[in-house]
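A.B. asks: Give the three-dimensional model of this entry:
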Amino acid sequence: AAAPRLDDFTDEENAARFIRKNRWVAFDVGPFPVLRFNWVVSLMATVTLWSFTIAVLAAEDSTARLFAKATLWISTNFTWLYTLTQNAWVFVIMYVLLRKKYANIKLGQPEDTPDYSDIVWFILMFTTSLGTGIFFFGVSEPMSYYRGDSGLENDKTNMLAKMPFMNDDQRASMALFMTFFHWGIHGWVPYTLVALTLGVVCYRLGRPMTLRSAFYPIIGDYVNGLAGDLIDALSIATTTFGLCTSLGLGAKSINAALNRISGAVESESSEVESLIVWGITFMTTAAVVLGLRRGIIGCALFAFSILSFLILILFFHDNTWYLLNTFTQTVGVYVQYVILAGFDNDAFPQLNYEFQHTGEQLWGDRNVAQHIVATLNTTFSDPVEYYDSSPTWFMDGWTVFYWAWWISWAPFVGMFVAKISRGRTIREVILVGLFAPMLLCFFVLTVFGALGIKMQRVAELALHVQPDWSKGVVNCAELGYLDNKPVGVNALKLKSLGYYALSCRKSTDHVLDILEPYGSLTPLLQVLVLIGIIMFFVTSADAGAYVDDIIAANGLENPPVLQKVWWAITQGAAAQALLSASSDGLSTLQAVSICAALPYTFALCYMCTALIRACDAAIDDKTYLSKRKGFSTSIVDIFENFSSADEAAMTKVMPTKERLKLLLRNVYYPYASLYVAGLETYGPSQLVYVSCLATALYYLWILLLALVPLNSGTHTLAW
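C.D. replies: Reported below is the predicted structural model:
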């Protein structure tokens with residue numbers, strides 16, 4: 001008989017080899033395995049998620065305010081970070097794709113073949129990666145850029161002031177472009193980065209399929225200890241928060257669809273939305289229990305079929321040439337402007353936070369407006385009105401939210417893609433897992449968004465109300481709308497034909513409104529939307545719970561059923577808490593994604609280095625191997641009580657007392673260690689100068705920070 005493969009993690013012993021022995025819990029009832037998990041990871045993730053759930057339910061309003069404040073702080077101070085990192089990850093993936101020695105690496109051993117056919121593989125990647133957002137934002141996002149209600153205070157500013165356009169046609173094109181931008185390469189690239197790193201490390205270097213393994217090329221066997229436990233626990237929490245955002249959006253969309261199909265279902269009902277959340281949680285639990293092949297794949301194929309059927313009906317039944325023109329044109333606009341938008345931070349619109357006395361969250365000098373107002377005894381004019389800026393909150397409400405949302409999904413989608421990609425090459429994963437689903441997503445967004453813009457124009461032309469295209473607003477009262485409903489005589493007549501002014505409607509109604517003009521097909525299309533929303537989310541939630549369970553079980557491929565049920569229920573409970581957090585559930589849902597994604601942004605940056613190192617190790621690159629040197633210790637050895645990473649030996653590199661002395665000496669007197677380390681690079685004469693300068697600057701930094709209470713300017717000098 002052939003010897004068992006060491007990378008076969010259906011074998012419990014293989015999974016348990018890669019964590020400290022005191023972490024592994026195995027409990028059986030007779031011959032039946034009941035529990036198999038890393039108790040440290042599971043405890044940290046469970047305490048985080050359930051503490052959050054209980055805290056939110058206990059203090060809904062204060063929690064919503066806390067998240068709103070945290071989101072504002074992150075989006076105003078770290079917009080540049082999200083922008084730079086998204087572009088950096090795109091560069092890394094393109095670099096790997098264009099380097100033949102990397103692109104040809106197979107995620108697996110030479111004899112490994114793909115586990116799934118090409119079409120099933122693609123469908124699994126597409127459906128698990130999108131969730132319900134494609135339905136919720138497919139129409140509402142381009143419409144929010146294209147047209148707003150001039151009667152609303154927050155819609156008097158130009159949503160697209162950042163993009164060039166000279167008439168309403170170009171505005172419509174830019175509205176679709178911005179939607180493409182948020183669903184384009186910058187969004188999909190975190191999934192690909194995680195998938196490739198895990199695929200190479202796990203299938204070529206023999207590590208278990210869990211997020212800690214992605215950092216093995218950086219910190220080595222220390223990932224088996226507390227450092228790896230922290231990474232896995234963070235991944236589970238981040239995944240769950242990201243899924244909660246989609247579950248919340250999905251609940252609102254399903255509620256709206258049920259109300260449209262049957263007026264007996266109350267619209268925007270918290271009770272109905274709660275029932276929806278737990279109904280989807282039940283479906284998710286059932287599918288996860290059935291497993292990958294019997295549960296998740298079936299859901300994915302069904303969800304993809306529903307979406308395909310819906311889009312093809314709309315494409316062929318409506319103005320086909322208009323949709324083809326729009327798709328081709330918007331793809332061209334995307335290629336032309338993606339770099340411009342990719343580096344846009346809304347630097348000058350966000351400067352308005354300081355002028356509008358809302359800069360309490362800003363780093364640096366935030367008292368300019370207050371000083372001037374006190375001196376001149378007057379108030380600042382409205383900078384948005386003066387300079388025709390895009391809304392100050394645009395990055396917070398759209399771009400940063402989107403990047404954070406994609407990042408929060410990266411742990412589970414990336415790991416799931418790696419899981420189903422054994423036997424594929426890196427080139428295949430990038431082309432089929434990044435570019436192919438992105439293009440299909442663009443086509444779906446074109447159909448939804450273009451039909452929404454067409455319906456808006458029909459309403460404006462038929463009701464003879466001219467919009468202010470430069471601002472992107474129209475007066476809904478003149479269109480005959482009140483409280484998002486048509487009340488005017490002509491508006492009601494237009495409604496009878498299935499046409500609405502979408503700018504005057506709720507976001508959750510948009511995707512349903514564009515289905516109204518199709519007569520006898522409308523009920524069928526509404527049912528398809530309802531089923532599509534449900535199945536897309538169930539598919540994503542299945543994959544999320546499946547991945548959470550595997551992470552908690554340290555890569556064991558088929559953990560016991562009880563654990564699967566636990567993580568599925570935990571997702572549902574967290575989503576229920578978020579929906580209950582405030583009357584404005586959507587803003588809280590967005591805020592949690594942004595907050596959860598910030599620490600994982602830094603983790604993905606380290607993953608870029610890990611990917612290159614893993615690829616070099618997989619092909620036995622001589623240059624890379626010659627540069628590797630074994631370090632006697634590591635900064636992360638503090639998590640292991642300064643022991644070696646090799647648990648079999650668990651020897652002290654030096655006695656704990658000596659290791660602590662070394663640590664304290666390096667903190668308070670870095671010159672000595674800088675000198676020793678620098679001998680590898682510099683000559684002795686150069687080294688004395690460099691080491692002395694670095695040490696002097698270090699002490700000066702500490703001194704200036706200590707003097708901050710005496711003079712705020714020393715903080716700036718210190719940094």
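
A.B. asks: CA atoms for contacts and neighbours, from now on please.
C.D. replies: Noted.

A.B. asks: who are the neighbours in contact with the residue most central in space within the chain?
C.D. replies: Closest residue to the average C-alpha location of the chain: W406 at 2.1 Å, with C-alpha atoms, centre = their mean. For W406, the contact set (C-alpha atoms under 8 Å, 6 or more residues apart in numbering) comprises 187-188, 190-191.

A.B. asks: Just the ones in strands from those residues, please.
C.D. replies: Applying DSSP state E to the contacts of W406, no entry is found in strands.

A.B. asks: and which of the residues you listed is nearest to K657?
C.D. replies: K657 has its nearest neighbour among these in P190, at 42.0 Å by C-alpha to C-alpha.

A.B. asks: which non-adjacent residue is nearest the closest one?
C.D. replies: Distance criterion C-alpha to C-alpha, 6 or more residues apart in numbering; nearest residue to P190, sequence neighbours excluded, is A410 at 5.6 Å.

A.B. asks: Just the CA atoms of the strand or helix carrying that neighbour, as PDB, please.
C.D. replies: A410 belongs to helix 400-419 when assigned by DSSP states H and E. The C-alpha coordinates for helix 400-419 follow below in PDB (Å, rounded to 0.1, in the frame of the first residue of the first chain):
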ATOM      1  CA  VAL A 400     -13.100  52.900   1.600                       C
ATOM      2  CA  PHE A 401     -16.200  50.900   2.500                       C
ATOM      3  CA  TYR A 402     -15.800  48.800  -0.600                       C
ATOM      4  CA  TRP A 403     -12.100  48.100  -0.100                       C
ATOM      5  CA  ALA A 404     -12.700  47.200   3.500                       C
ATOM      6  CA  TRP A 405     -15.600  44.900   2.600                       C
ATOM      7  CA  TRP A 406     -13.500  43.100   0.000                       C
ATOM      8  CA  ILE A 407     -10.700  42.800   2.500                       C
ATOM      9  CA  SER A 408     -12.900  41.400   5.200                       C
ATOM     10  CA  TRP A 409     -14.100  38.700   2.800                       C
ATOM     11  CA  ALA A 410     -10.500  37.900   1.700                       C
ATOM     12  CA  PRO A 411      -9.700  35.400   4.400                       C
ATOM     13  CA  PHE A 412     -12.500  33.000   3.700                       C
ATOM     14  CA  VAL A 413     -12.900  33.600  -0.100                       C
ATOM     15  CA  GLY A 414      -9.200  33.400  -0.700                       C
ATOM     16  CA  MET A 415      -8.900  30.200   1.400                       C
ATOM     17  CA  PHE A 416     -11.900  28.700  -0.300                       C
ATOM     18  CA  VAL A 417     -10.400  29.500  -3.700                       C
ATOM     19  CA  ALA A 418      -7.200  27.900  -2.600                       C
ATOM     20  CA  LYS A 419      -9.100  24.900  -1.300                       C
END
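
A.B. asks: Let me know the pLDDT of the residue nearest to P190.
C.D. replies: Listed pLDDT for A410 reads 93.

A.B. asks: Is it in contact with L196, as I believe?
C.D. replies: No. Taking C-alpha atoms under 8 Å as the definition, A410 is not a contact partner of L196, at 11.8 Å.

A.B. asks: returning to that earlier point: which of the contacts of W406 sits closest to G397?
C.D. replies: Nearest to G397 out of the contacts of W406 is G187 (C-alpha to C-alpha; 15.7 Å).

A.B. asks: Tally up the residues packed near that closest one, please.
C.D. replies: 23 (other C-alpha atoms under 10 Å).

A.B. asks: Where does pLDDT dip in the stretch 101-250 of the chain?
C.D. replies: Along the stretch 101-250 of the chain, the model assigns pLDDT under 70 to residues 152-157.

A.B. asks: what ranges do the strands span in it?
C.D. replies: For the stretch 101-250 of the chain, the strands defined by DSSP state E, counting those that start in this stretch occupy 148-149.

A.B. asks: Now do I514 against V56, distance only.
C.D. replies: To V56, I514 is 36 Å away according to C-alpha to C-alpha, to the nearest Å.

A.B. asks: When the two are compared, which one has more neighbours?
C.D. replies: The residue with more neighbours, out of I514 and V56, is I514; 27 against 22, by other C-alpha under 10 Å.
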